[in-house]
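*Asks:* show me how the following folds:
(2 chains)
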Amino acid sequence: METALGYFLMSWLDPYLLALVAAGTLAGIYVGAIPGLSVTMAVSILISFTYAWDTNEALALMVGIYMGGVYGGSRTAILLNIPGAPAAIATALDGYPLAKLGEAGRAIGVTTVVSFVGGLVGIVALAFFAPLVAEIALLFAPRDYMLLGIMGLLLVASLSGESLTKGIVAGAIGILISMIGLDTMSAQPRLTFGSSALLGGVSYVAVMIGMFGIAEALVQLHGYTAPAVKQRVDRIVPSLSTVLRHLPLALRASLIGVWVGALPGTGGDIAALMAYDHAKKSVKKPSRPFGRGAWEGLVAPEAANNAAVGGAFIPMLTLGIPGDAVTAVIIAALFIHGLRPGPNLMVDTPHLFWFTVGNLTLANLFMLLFGLVGIRLFAKIVEVPKAILLPIVVVLSVVGAYAINNNPADVRWAVGFGILGYFLRIYGYQLGPVVLGVILGPIVESNFRRTMITVHESWAGLALELVSHPITLVLTLGVLVSLLRGTPFWPRLVARLRRRSGAAAG
Amino acid sequence: MPAHPRRPGELGLTLLLIAGALLVGREALRISGLSGPSSPGFGPVAMVAVVLAGLAIELARTCLDRRGEPEPFAVRLHRLAAAVLPPPVAGAIPLLLLYLVGLELVGFVPASFLFLAIAMALLLHGRSLRPRLLLAGAVATGTVAVVRLLFQDLFQVLLP
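*Replies:* Coordinates of the predicted model:
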């Protein structure tokens, strides 16, 4: 216990690590606050600079960026009605009406405090539940990892945007990219087209930087001339009575956030929308009608999306399965630092777990501090013209891509994937599934092949394997439910079950 | 399937992706050991099949989408350019490729300065040329200096 506390306080007591968490949180808030510069872009570009660093220093910065980025997205949702991050979509529903009523400053103040509460609940849940999940996960066989990887890939359904088919195509393209190079099990070259330059494969960080950095910058060039909307921001720090009045809802929304964030395949955006829905259903007398500036409509999603950060770290650290595109990028960064997220991470390097929990807590505190102190500054920052911002994003992407292996080929890959990603985005192919495929593809494929070897290449044997062990059976059911949720039958099934339970109760 | 208006160039992109997938599929079939599900070629072939199946659905959907009134080629080309490659993007992509060449030829500092200055000068609108060039030049100089100082000197990151 004392050792755990020591690791927890490591960043708190080391001035350099403390500064890195603070800098990461500040950068995360800044990038998250700029419309179009998503937190995924921030994490993809900024973490690439940390590959040569010591693992602890890199982790300190990454955690800060993630926590700050999720919170930062609420700024533009409130001030401009443009969510800076997907997790802030629900925030705009009542946040912007509040700004139009002249309460932008107070809205940001309340958002900051409830985000802090949500973040804290998420961190407590992570500290309690991650060790338990990791203990169970130690019993996992390759088939279980395969199922977990599939569950993560099914996140494609929620990241697909306008068309599920396009999401699946994008995910499969990502998996194909991950297969380029020497096969790790047989050492045979795959999809190299006879080129020795492709034997080492394509760096997944170059793919991420290209897709989330360069492609996003090109997409943002559409309508980059739109003038920034200026908002007057005053009356920032909320009164204690305001905070206390909303605390019960913030706590309930935080629990929703933790739960949804911890489910593989869901993230802060879904958590926030579910919490908003919960607030609409559970608050009988809102301060104003929902959608017209109800404080409850702001409190619930903001508490939930920051609680989802702690929740998302549970499957990420214990199972190696990302909750959303950002955690997928963080998993990739951990791989580069030689860490293998999964149950063995908790066994082999328990200090890293408590170190991460300590960093998250610290980042949460910095978020509260910067959020309340720098409101006026951030309101100005989002007004920087995109004509200046977007070329800088490209240069940072180039530096980030080169920093991975100090290889000019990675820069060319990043630019190539950036241009490809731009055209895919323009035609409705989302880039999140591509990156998910690149990261989860090898996990699913290698474990699938190991499982098939154990069942002597028999499909019937595989089917039996998937239902013959209690943990595997639970995971198989989880995959089936996730699959079903992505189909049009799911809403009908839920409606039918509700009708039946209603009839039984009546 | 409801008929949506077809995006300009969507059919072309779908056909290009199908051609690419077929090319990758041919390469995937060349991987030795397509004997069973655990062989190295199984995954690539299966994924190409998934991509092709998805693209076939998208192709059918695109063909069913409303095409609108027949238009002269020049008008269609103009609509395609406006939707897919508006002037800033049409300028940015070649500039990006030139930046790549510049990085290898003259190194990070001059190539990045030129890229930033040209991109910003082109994107900054509503100003006359001289102040636009001055602002772009000043911001480009500042950015390159900060990147070099911050990343190379402080974070010890090697620059391209």
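
*Asks:* is chain A contacted by stretch B:19-37?
*Replies:* Yes: interface with chain A: stretch B:19-37 contributes B:24, B:27-28, B:31-33, B:36-37 (C-beta under 8 Å from any C-beta of the partner chain). C-beta coordinates here come from the backbone N, C-alpha and C atoms, glycine included.

*Asks:* ok, these vs residue A:274, which is closest?
*Replies:* residue B:37 (37.8 Å; C-beta to C-beta).

*Asks:* what's the distance between the helix or strand of chain B with the lowest mean pLDDT and the middle of its chain?
*Replies:* Here the helix or strand of chain B ranked lowest by mean pLDDT, DSSP states H and E is helix B:73-84, holding a mean of 82. In terms of C-alpha atoms, centre = their mean, to the nearest Å, the centre of helix B:73-84 is set 18 Å apart from its chain centre.

*Asks:* list the helices and strands the next helix-or-strand element following that helix packs on?
*Replies:* Per DSSP states H and E, the first helix or strand lying C-terminal to helix B:73-84 is helix B:87-106. For helix B:87-106, the packing partners by 3 or more C-beta pairs under 8 Å, 6 or more residues apart in numbering or on different chains; DSSP states H and E come out as helix A:215-220, helix A:386-405, helix A:408-426, helix B:108-123.

*Asks:* what about the residue of the stretch 1-150 of chain A found nearest chain B, how many residues nearby?
*Replies:* Nearest to chain B, among the residues of the stretch 1-150 of chain A, is residue A:49, at 5.2 Å (C-beta to the nearest C-beta). Residue A:49 has 20 neighbours, counted by other C-beta atoms under 10 Å in any protein chain shown.

*Asks:* so who does it touch?
*Replies:* A:399-400, A:403, B:151, B:155, B:157 (C-beta atoms under 8 Å, 6 or more residues apart in numbering or on different chains).

*Asks:* any chance of the residues you listed in JSON lines, plus neighbour count and distance to residue A:269?
*Replies:* Compiled in JSON lines, the contacts of residue A:49 are given as follows (neighbours: other C-beta atoms under 10 Å in any protein chain shown; distance: C-beta to C-beta, whole Å):
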{"residue": "A:399", "neighbour count": "25", "distance to residue A:269": "29"}
{"residue": "A:400", "neighbour count": "27", "distance to residue A:269": "25"}
{"residue": "A:403", "neighbour count": "26", "distance to residue A:269": "29"}
{"residue": "B:151", "neighbour count": "18", "distance to residue A:269": "31"}
{"residue": "B:155", "neighbour count": "15", "distance to residue A:269": "31"}
{"residue": "B:157", "neighbour count": "21", "distance to residue A:269": "32"}
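
*Asks:* can you name the two of these that are farthest apart?
*Replies:* A:400 and B:155 (11.3 Å).

*Asks:* neighbours around the closest residue to residue A:394 other than its chain neighbours, how many?
*Replies:* Once flanking residues are discounted, residue A:394 sits nearest to residue A:217: 5.5 Å by C-beta to C-beta, 6 or more residues apart in numbering or on different chains. By the measure other C-beta under 10 Å, the count of residues near residue A:217 is 28.

*Asks:* and the helix or strand harbouring residue A:108, what's buried?
*Replies:* Taking DSSP H and E as the criterion, residue A:108 maps to helix A:104-137. Within helix A:104-137, the residues that count as buried by 16 or more other C-beta atoms under 10 Å in any protein chain shown are A:104-127, A:129-131, A:133-134, A:137.

*Asks:* just checking, what packs against it?
*Replies:* By 3+ C-beta pairs under 8 Å, 6+ apart, helix A:104-137 packs against helix A:55-79, helix A:89-100, helix A:240-262, helix A:295-319, helix A:343-348, helix A:350-373, helix A:375-381.

*Asks:* at 7 Å instead, please
*Replies:* helix A:55-79, helix A:89-100, helix A:240-262, helix A:295-319, helix A:343-348, helix A:350-373 (3 or more C-beta pairs under 7 Å, 6 or more residues apart in numbering or on different chains; DSSP states H and E).

*Asks:* and it with helix A:350-373, angle?
*Replies:* Calculated by axes from the mean of the first three to the mean of the last three C-alpha atoms, to 10 degrees, helix A:104-137 forms an angle of 170 degrees with helix A:350-373.

*Asks:* what is the mean pLDDT for helix A:104-137?
*Replies:* Here helix A:104-137 scores 89 as its mean pLDDT.

*Asks:* so how far is that helix from its chain's centroid?
*Replies:* Put simply, helix A:104-137 sits 14 Å off its chain's centre (C-alpha atoms, centre = their mean).

*Asks:* same check on stretch A:60-75?
*Replies:* With C-alpha atoms, centre = their mean, you get 10 Å for stretch A:60-75.

*Asks:* near chain B, anything from that stretch?
*Replies:* No: Stretch A:60-75 lies out of reach of chain B by C-beta under 7 Å from any C-beta of the partner chain, never closer than 9.8 Å.

*Asks:* compare the helices and strands packed on helix B:87-106 and give me the one nearest residue B:63.
*Replies:* helix A:408-426 (19.3 Å).

*Asks:* helices or strands up against the following helix or strand past the closest one?
*Replies:* Per DSSP H and E, the first helix or strand lying C-terminal to helix A:408-426 is helix A:432-454. Secondary-structure packing of helix A:432-454 (3+ C-beta pairs under 7 Å, 6+ apart): helix A:142-153, helix A:156-159, helix A:164-178, helix A:204-208, helix A:325-336, helix A:459-465.

*Asks:* follow-up on the earlier one: what sits against the residue nearest to residue A:394?
*Replies:* A:390, A:393-394 (C-beta atoms under 7 Å, 6 or more residues apart in numbering or on different chains).

*Asks:* please apply the same query to residue B:160.
*Replies:* By C-beta under 7 Å, 6+ apart, the neighbours of residue B:160 are A:398-399, A:402, A:408, A:411, B:103, B:108.

*Asks:* find the residue at the geometric middle of the chain.
*Replies:* All of this refers to chain A. Geometric centre of chain A, nearest residue: residue A:326, 3.3 Å, by C-alpha atoms, centre = their mean.

*Asks:* that was the other one, I meant chain B.
*Replies:* residue B:93 (7.3 Å).

*Asks:* regarding chain B, what is its longest helix?
*Replies:* helix B:42-64 (DSSP state H).

*Asks:* residue 150: how many residues sit nearby?
*Replies:* By default, I'm working from chain A. Other residues lying near residue A:150 total 23 when counted by other C-beta under 10 Å.

*Asks:* correction: the question concerned chain B.
*Replies:* Neighbours around residue B:150, by other C-beta under 10 Å: 13.

*Asks:* then the one 4 residues further on?
*Replies:* For residue B:154, the tally of surrounding residues (other C-beta under 10 Å) stands at 9.

*Asks:* please report the distance of it from chain A.
*Replies:* For residue B:154, the distance to chain A (C-beta to the nearest C-beta, to the nearest Å) stands at 10 Å.

*Asks:* from residue B:103, how far off is that residue?
*Replies:* 22 Å (C-beta to C-beta, to the nearest Å).
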